[in-house]
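# Whatever this is, show me its structure:
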Amino acid sequence: MRLRMKNRNYSTTLANGMFYWISILVSLTSFMAFLLHVLGMMASEWNAQVGLAACAAVSWTVYVLHKRYVIADLYSNHISAFLGMALLLFLCLYNPHQFMGIWFVFLLYPIFLSFFLDRLLLVVWGAISYFIFTFSLGYENEETITLNIFFSLILAGGSALCAWAGHLTMKKVAGESRLSAEAYNREAAITLLNTLVPIVERKTQTSSKEIEQMSRLMKRMLLEFPQEQVQDWEIKLLSLLHYVSRIKFPDYVFETGEKLTTFEFQIIQEHCMFGIEMFRNDPAFTRVVLALQDHHEKYDGSGYPNKLKGEDIRLLAQILGIVESFLAMTAPRAYRETASLEEAFEEICGMAGTAYDEKVVRAFTRAVQIHSPTRVSNVPPMVG
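Numbers count the residues shown, from 1 in each chain. Below is the predicted model:
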C-alpha cells in the first residue's frame, strides 16, 4: 500500500490530529499515574501502570499506521472514524485504572466528527457511538439507578444537538471560506492574465480591444440561454484566457503572409490547452478551461482537438468559437483580406448545422443585430 505523504487534505489532517492527541493524552495519563505512584500519592498495582503504558503504545501505533497507510480517498473518512472508535473502545474496555465515566468519551466523539463536514459520516458513526454509550450504562454497573441513566441519556441528547449544530455551523463557515477563496483566486487569475496582455499585444500585433468585444458579444449571446447561468467573471476570464493563449504562438506566425504548414498548424492548435496548463488544479475554473479547450470543435465532428460532435460540444465552447471566428474575420490579418461585418455575418450563418449548432447561430444573429447597422434576413430557423 503506497504511503500518503503529500496532498493531505483537511479531513486527513483532522483525522491524524485526533489520533495524535489521543496518544498524547493517554501518554500523559500514564506518566502522571506512574509519577503519583512513585511519590506514594496514589496506591495502585504495577500491572495497572503497565496497562496504561500499553494503552499509550497502542495509541501511538494506531496514529503512525493511520498517518502512513490510510490513503486519502472516498472512504478514508469512514476508515478513520472506524479506527478512532475502535481505539476508544479498546481504551474504555481495558481501562486498567478503572477510571469512572470513561465511557462519556463516546458522547464527545460525535461532536468531533461534526468537524469533518460529512453528514453521512456524522449520522452513521455518531449513531454507533451513542449506541455504545447506551450499552455501557449497564456494562459499568448493573445496579445503576434510573436517575443516573436518565441523566446520562439527557447528556447524550445534548451531545447529539451539539454535534448537529457543529456540523451545520462548520458547513456554513466552510462555504463562506470557499467562496472567499474562490473570489480571491478569480481576481488573482484575472490580474495575472492582464499583466500578460501588453506582451501578447506587441507579440501578435492585435489589439487588446478584442477582449472587451468578445466579452460583450458572448454576454449578448448568453442572454438566449439563461439556463446556463454563466457568471460575468467566467466570461471575462474566458475572453482574457483566449487572447493571452496566443502567447504560445511562434512570433513569425503573425508576420508571414503564407499559408501555415502542417507543423505550424499543430502548434497553433496547442493554444486550446492553455487553460488546462494554467488552471488545471482549480475546479472553480473548470467551465472556462473546458470552453477554451473545445472552442475549435465543429458540430459535424470535423474540429479539434478531440473531434467532438453535436451536443457533445459544450455550449460555452460553441459560443466562444463563433465569436472568435466573427472577430477574426473582421479584424486585419497579414495573411488574408479583412471581411466586412456583413460578409462575416453571412459566412457564419451559412455554417449553421455544419460547423455550428443552429440555435447557437441564431443567438449570434440576435446578438450581432443589436449593434450591427446591417440587418441580415437570411437567418436559419431556431431549433429546439
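
# for the stretch 251-384 of the chain, which spans come out with low pLDDT?
Residue ranges of the stretch 251-384 of the chain with pLDDT under 70: 251-264, 332-337, 370-384.

# let's see it at 80
The stretch 251-384 of the chain contains residues with pLDDT under 80 at 251-270, 281, 331-339, 369-384.

# Nearest residue to the middle of the protein?
Nearest to the geometric centre of the chain sits residue 283, at 4.6 Å (Cα atoms, centre = their mean).

# which phi and psi does that one have?
phi -60, psi -20 (degrees, to the nearest 10).

# Kindly report the same for residue 356.
Main-chain dihedrals, residue 356, degrees, to the nearest 10: phi -130, psi 150.

# And for it, the neighbour number?
Neighbours of residue 356 under the rule other Cβ atoms under 10 Å: 24. Placement of C-beta: from N, CA and C, glycine included.

# measure it to residue 234 for me?
To residue 234, residue 356 is 21 Å away according to Cβ to Cβ, to the nearest Å.

# quick one: contacts for residue 295?
Counting by Cβ atoms under 8 Å, 6 or more residues apart in numbering, residue 295 makes contact with 242, 272, 317, 318, 320, 321, 324.

# go with 6 Å
Residue 295 makes contacts with 317, 320, 321, as judged by Cβ atoms under 6 Å, 6 or more residues apart in numbering.

# Can you tell me which of the residues you listed is nearest residue 79?
residue 317 (39.6 Å; Cβ to Cβ).

# which element follows the lengthiest helix in the chain toward the C-terminus?
As assigned by DSSP state H, the longest helix anywhere in the chain is helix 146-204. Per DSSP states H and E, helix 146-204 leads on to helix 209-222 as the next helix or strand towards the C-terminus.

# any idea how far that following helix is from the chain center?
Centroid separation for helix 209-222 versus its chain: 28 Å, with Cα atoms, centre = their mean, to the nearest Å.

# what's the helix or strand following it packed up against?
The helix or strand immediately downstream of helix 209-222 is helix 232-244, counting by DSSP H and E. When contacts are defined as 3 or more Cβ pairs under 6 Å, 6 or more residues apart in numbering; DSSP states H and E, helix 232-244 packs onto helix 146-204, helix 209-222, helix 286-294.

# helix/strand/coil for the residue sitting furthest away from the middle of the chain?
No residue in the chain sits farther from the centre than residue 40, which is 57.1 Å out by Cα atoms, centre = their mean. Put simply, residue 40 is coil when judged by DSSP: H, G, I helix; E, B strand; the rest coil.

# Can you read off the backbone torsions of it?
For residue 40, the backbone dihedrals are phi 80, psi 20 (criterion: degrees, to the nearest 10).

# Now do it against residue 176, distance only.
Counting by Cβ to Cβ, the gap from residue 40 to residue 176 is 55 Å.

# With residue 135 instead?
39 Å.

# domain assignment for the chain?
Listed by automatic domain parsing, the domain ranges of the chain are 1-99, 102-204, 205-371.

# which of those domains sits most buried?
domain 205-371 (a mean of 17; mean count of other Cβ atoms under 10 Å).

# just for the stretch 51-200 of the chain, where's the confidence low?
For the stretch 51-200 of the chain (pLDDT under 80), the answer is 71-74, 97, 100, 138-150.

# can we see that at 90?
For the stretch 51-200 of the chain, applying pLDDT under 90 flags the ranges 51-52, 67-76, 93-102, 117, 134-155, 170-171, 173-183, 185, 200.

# can you put the helices and strands packed on helix 232-244 in CSV and add distance to residue 304?
Below are the helices and strands packed on helix 232-244 laid out as CSV (distance: least, Cβ to Cβ, whole Å):
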stretch, distance to residue 304
helix 146-204, 21
helix 209-222, 20
helix 286-294, 9
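
# Quick one: closest of those to residue 279.
Using Cβ to Cβ, these put helix 286-294 closest to residue 279, at 5.6 Å.

# Leaving out chain neighbours, which residue sits closest to residue 308?
Nearest non-adjacent residue to residue 308, counting by Cβ to Cβ, 6 or more residues apart in numbering: residue 297, 4.2 Å away.

# quick one, what contacts the one you found?
Neighbours of residue 297 in contact, by Cβ under 6 Å, 6+ apart: 303, 308, 313.

# can I assume the second one sits in a strand?
No. Under three-state DSSP, residue 308 sits outside any strand and is assigned coil.

# What separation do you get for it and residue 350?
Distance from residue 308 to residue 350, by Cβ to Cβ: 21 Å.

# Next: the last one.
Residue 313 sits 19 Å away from residue 350, taking Cβ to Cβ as the criterion.

# and what of residue 229?
Distance of residue 229 to residue 350, given as Cβ to Cβ: 31 Å.

# picking up where we left off before, what helices and strands are in contact with the longest helix of the chain?
helix 105-113, helix 119-140, helix 232-244.

# Can you name the residues in contact with the longest one?
For helix 119-140, the external contacting residues (Cβ under 6 Å, 6+ apart) are 77, 81, 103, 106-107, 109-110, 113-114, 149, 152, 156, 163, 167.

# that older thread, point out the one among the helices and strands packed on helix 232-244 that comes closest to residue 238.
Per Cβ to Cβ, nearest to residue 238 of the helices and strands packed on helix 232-244: helix 286-294, 4.8 Å.
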